[in-house]
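1. Predicted coordinates and the sequence they were generated for:
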Amino acid sequence: CKHQCPSGGHNPCYGNGVCESTNGTCTCSTQFANTQDCRQCSDGWVGRDCSVSVTDLTGAASGIHVGNVFSNCHFTTFDGSGFDFHGAGEYLLYHHQTEGITIHVRPVPCSRDSLSSCIDAVAIQVSTETLVIHGGFSDADVGGVVWHNGQIVSIGDQVTLSPGYTIDRPLLDRYVIQSSAGFYLHVAINTIYIDVFLQVTSAYCSGATGLLSSCDGSTHNDFLTSDGVLLTVNGTLSQHTIHNIYGPSWFINADNTLFVYNYEIHDEQRNITGNSAGFCLFLNDTYMSAGPLYTFSESDITIELDMQLNETEGCGTILSYTLEGTFALQHCDGYIKVIYGMHSYSHPLLHFDQPAIALESGIWYHVALVWQLNTNQLLLYVFHPNGNVQSLTGIFSSVDTNIFTPGGTLTLGKWTYADNIYTVADDHFVGWIDELVIWNIRFDASQIRDHISTYHYNTTASLASLWHFNEGTGTVCHDSVSLGHFHMTLPPWRAPVWVFSTLHVSAPTDVDQYYNVHFSSTTFQHQVQEYCQSLFLASDMSSSCSRLGMAYTERYYLSCIYDVTRSNNFNRALYSVVAYAHYCETVLQLSSWPAQHLCHMFPEMHFPYWTGRDCDVPCVGGYTSTEEPNQCQCYHGYWGAGCSHLCPGGVSSPCGGEGTCDVTTGHCTCPINFDDSSSCVSCITNWEGAECQIANPAATNPTSSFICSVFSYSHYVTFDGTAYDLPTSGEFILLHSPGFSVYSRQVPC
């Protein structure tokens, strides 16, 4: 090993390749030409660092221009420049002054290490009409959440957004805004995130501004900032200048925002620039556990987390660690204290210098537990945002074991049992938890103070475990350092809820950390590269799209590697596949969708448009039948061959939300109180109400007596014959007249 590689041992191959240990030659990265030192860009790659791909559009259909942003914030301009921008906040994607159209996007931290961004909302303004489409706030929000002029709406059938523009929902997770004049915006909901595909004619992109730039047939002027500074492909253009100059120039200030905030319990913050907090977990008498944990050693340790109480009344376990005994951090009526086994701080086994630390609700506290093994001393620090710190010092004088012996179970939100210990702390913890860290070292108060609002890389020295809680979806919270993943409880039990964090964690300033790929192991690296190669570089899809140039395919191949690695999830590659195929099909006007043959590559995901043993069965609004692989089973609201037709009422309310749509004919079969001829929208004669729930038969005009009643599951009939249901618990006045009253009491049954 006496010879240095090209460019020296400190930076072999100029950081753009791998130096072979036997002969000293460089194997260059994808976007670099295989030269001796990897300093030249491959064909179709430009920029000072070869970070921008250029799509060959010479064979594209005339008059069609496409821009997109997909998966982990991979962008394509109208002239075919492919670039990444991991910003955070609101940005101008597209604006055309003459046509009166503006599109904003909102990238947010999305990977578990917070060092990557995804789009979680898009806002479209046409004239004075504004439409906001947000990704799902939970896994159940398949179609996301939509606001029209600030009001939540449900999009089913095609509706008019503005004169000449319509919005449609052709699939459960797809929205289309279009005009007959040549504007087509396709928004895909991928659980909590969004992909955006914009296809326009020259009239809509000539003179356009924003991250997608304009269309004039040249990529050399694509990176023009909002204040007129051009990043040149042979000079100033690089990943660093895109991240620090081009992207931020299109940032949207608060005065110009189109987005909607403060939705239910999801306290999404508008201003998240410079903040990597992302998501956190809201626990409401719910919990999750990790273990057995062997990520830390049998030595001094420090545990840190950020927490906020929803209310100070009542008691609840914030954190517990269980092996031979149970250690717990508990709050009770506005105080935080320590418990071990059946013993609180007041028991003779545990000697603390004061009883507890006062807490307020609605404030993010930075809490640290410092354990010194050789003295059995525990220090509890609670830092207030104003800089004040409170502390407890305790000695476990009669405990003959290490309360943090490796191999135990760490639980958030619940006391966990140890052997022969059955006395339980009150578990009704209601609050937020974020940024949990375990260190294989003992820190003092000043060092812990330095950690507040600080981003920790997973390579930081002495880190044992690190949970950023930024997944935002699913039931697993990943340990960014090791394998100590938290698992939530599964139905029918309630689980913690993913919400946007209001904590501030300073985002890293090292640009390379956002864009470089770091593999957890060489084995994982080879698996990811081989998988993405099979999808893009060695598949029929790339052959179908070859006219767009090799750099186009290489760019999506690298996007696949990036997305899979950042998420540690091979299914994330599907979003790059769909974006690649959709773009290629559109600009080349292909007769078939080029990704069709890949329908079996993502068994855990819903593959769009095709199914069957040979991927030759159309399946637009459905899924593969579990009984017959060659059959497309329709989702609720679709019918016909390939489930390609929408039922009356559209996706959001097929058959008025009351009836059943025949998957063969598309006809609605309605309940007895709805009119079949109206597709279950109107009531039949003698039924009334918004839901046709009130029976009002023709009056019989009795002369002697009147009858009212309540029977069975709260079915009521009035004196005049009107029938309705009241499925609510409580006490009610059934009848009141002078001198005579009857009350009813309804209970859950």
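-> Yep, that arrived.
2. mind checking pLDDT for the closest residue to S539 other than its chain neighbours?
-> Nearest non-adjacent residue to S539, counting by CB to CB, 6 or more residues apart in numbering: L598, 6.9 Å away. Using the backbone N, CA and C atoms, a C-beta is placed for each residue, glycine as well. pLDDT recorded at L598 is 95.
3. Surely L598 is in contact with L535?
-> Yes. Contact criterion CB atoms under 8 Å: L598 and L535 qualify, at 6.7 Å.
4. Between these two, which contacts overlap?
-> Residues within reach of L598 and of L535 at once, by CB atoms under 8 Å, 6 or more residues apart in numbering, are M541, V577.
5. distance of E20 from L212?
-> Here E20 is placed at a distance of 41 Å from L212 (CB to CB, to the nearest Å).
6. neighbour count winner among the two?
-> L212 (30 against 13; other CB atoms under 10 Å).
7. Phi, psi for the closest residue to that one other than its chain neighbours please.
-> Residue nearest to L212 in three dimensions, not counting chain neighbours: G67, with 3.6 Å by CB to CB, 6+ apart. Here is the backbone geometry of G67 (degrees, to the nearest 10): phi -130, psi 150.
8. what about P738, how many neighbours?
-> P738 has 5 nearby residues by other CB under 10 Å.
9. For it, give me phi and psi.
-> Per degrees, to the nearest 10, the backbone of P738 is at phi -50, psi 120.
10. Let me see the confidence value for it.
-> For P738, pLDDT reads 90.
11. sorry, back to before: give the contact list for the residue nearest to S539.
-> So L598 contacts L535, S539, M541, V577, F607, C615 (CB under 8 Å, 6+ apart).
12. On the three-state scheme, A464 is what?
-> Of the three states, A464 takes strand under DSSP: H, G, I helix; E, B strand; the rest coil.
13. didn't it look like it was pressed against N440?
-> Yes. With contact defined as CB under 8 Å, A464 counts as touching N440 (4.8 Å).
14. show me what contacts the closest residue to S180 other than its chain neighbours?
-> Leaving aside its sequence neighbours, S180 sits nearest to G164 (CB to CB, 6+ apart; 7.2 Å). Neighbour list for G164: S179, S180, A181 [criterion: CB under 8 Å, 6+ apart].
15. Of those, just the buried ones, ChimeraX syntax please.
-> Selecting only the buried entries of these in ChimeraX, with 16 or more other CB atoms under 10 Å as the criterion:
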select :179
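16. Specify which member of the contacts of G164 is nearest to N388.
-> Looking at the contacts of G164 and their distance to N388, the nearest is S179, at 57.9 Å (CB to CB).
17. State the distance from that closest one to Y204.
-> Distance from S179 to Y204, by CB to CB: 9 Å.
18. Repeat that for Q372.
-> Taken as CB to CB, the span from Q372 to Y204 is 66 Å.
19. All the strands of the stretch 1-150 of the chain, residue numbers only.
-> Remark: strands assigned in the stretch 1-150 of the chain by DSSP state E, counting those that start in this stretch are 17-19, 26-28, 45-46, 52-54, 65-70, 74-76, 81-84, 91-96, 101-109, 117-126, 129-134, 145-148.
20. Now mean pLDDT and mean neighbour count too, for these, in JSON lines please.
-> Shown next, in JSON lines, are the strands of the stretch 1-150 of the chain (pLDDT from 0 to 100; neighbours: other CB atoms under 10 Å):
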{"stretch": "strand 17-19", "mean pLDDT": "89", "mean neighbour count": "19"}
{"stretch": "strand 26-28", "mean pLDDT": "90", "mean neighbour count": "19"}
{"stretch": "strand 45-46", "mean pLDDT": "96", "mean neighbour count": "22"}
{"stretch": "strand 52-54", "mean pLDDT": "97", "mean neighbour count": "27"}
{"stretch": "strand 65-70", "mean pLDDT": "97", "mean neighbour count": "26"}
{"stretch": "strand 74-76", "mean pLDDT": "98", "mean neighbour count": "23"}
{"stretch": "strand 81-84", "mean pLDDT": "98", "mean neighbour count": "24"}
{"stretch": "strand 91-96", "mean pLDDT": "98", "mean neighbour count": "22"}
{"stretch": "strand 101-109", "mean pLDDT": "96", "mean neighbour count": "25"}
{"stretch": "strand 117-126", "mean pLDDT": "96", "mean neighbour count": "24"}
{"stretch": "strand 129-134", "mean pLDDT": "96", "mean neighbour count": "21"}
{"stretch": "strand 145-148", "mean pLDDT": "94", "mean neighbour count": "19"}
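21. So which of those is nearest R270?
-> Closest to R270 of the strands of the stretch 1-150 of the chain is strand 101-109 (CB to CB; 8.9 Å).
22. tell me the SS of H487?
-> Assigned by three-state DSSP, the conformation of H487 is strand.
23. Kindly list the main-chain dihedrals of the residue nearest to S539?
-> According to degrees, to the nearest 10, L598 has phi -100, psi 20.
24. cool, and H597?
-> Main-chain torsions, H597, degrees, to the nearest 10: phi -70, psi -10.
25. Please name the nearest non-neighbouring residue to it.
-> Excluding the flanking residues, the one nearest H597 by CB to CB, 6+ apart is C615, at 5.3 Å.
26. shouldn't the one you found be in contact with F602?
-> No. C615 is beyond contact range of F602, at 11.8 Å (criterion: CB under 8 Å).
27. Just the element for the residue nearest to D173 when sequence neighbours are not counted, please.
-> Counting by CB to CB, 6+ apart, D173 lies nearest to I189, which is 4.1 Å off, once chain neighbours are set aside. Secondary structure assigned from DSSP states H and E places I189 in strand 183-190.
28. got the angle for that strand vs strand 101-109?
-> Here the directions of strand 183-190 and strand 101-109 differ by 20 degrees (axes from the mean of the first three to the mean of the last three CA atoms, to 10 degrees).
29. got the residue ranges for the helices in the stretch 151-300 of the chain?
-> With helices called from DSSP state H, counting those that start in this stretch, the stretch 151-300 of the chain shows them at 202-205, 239-241.
30. Can you check which of those helices gets nearest to G143?
-> Nearest to G143 among those is helix 202-205 (26.2 Å), distances taken as CB to CB.
31. Quick check: which helices or strands does that closest one pack against?
-> strand 65-70 (3 or more CB pairs under 8 Å, 6 or more residues apart in numbering; DSSP states H and E).
32. coming back round to it: among the strands of the stretch 1-150 of the chain, which comes closest to N458?
-> strand 101-109 (14.7 Å).
33. I am finished for the moment; much appreciated.
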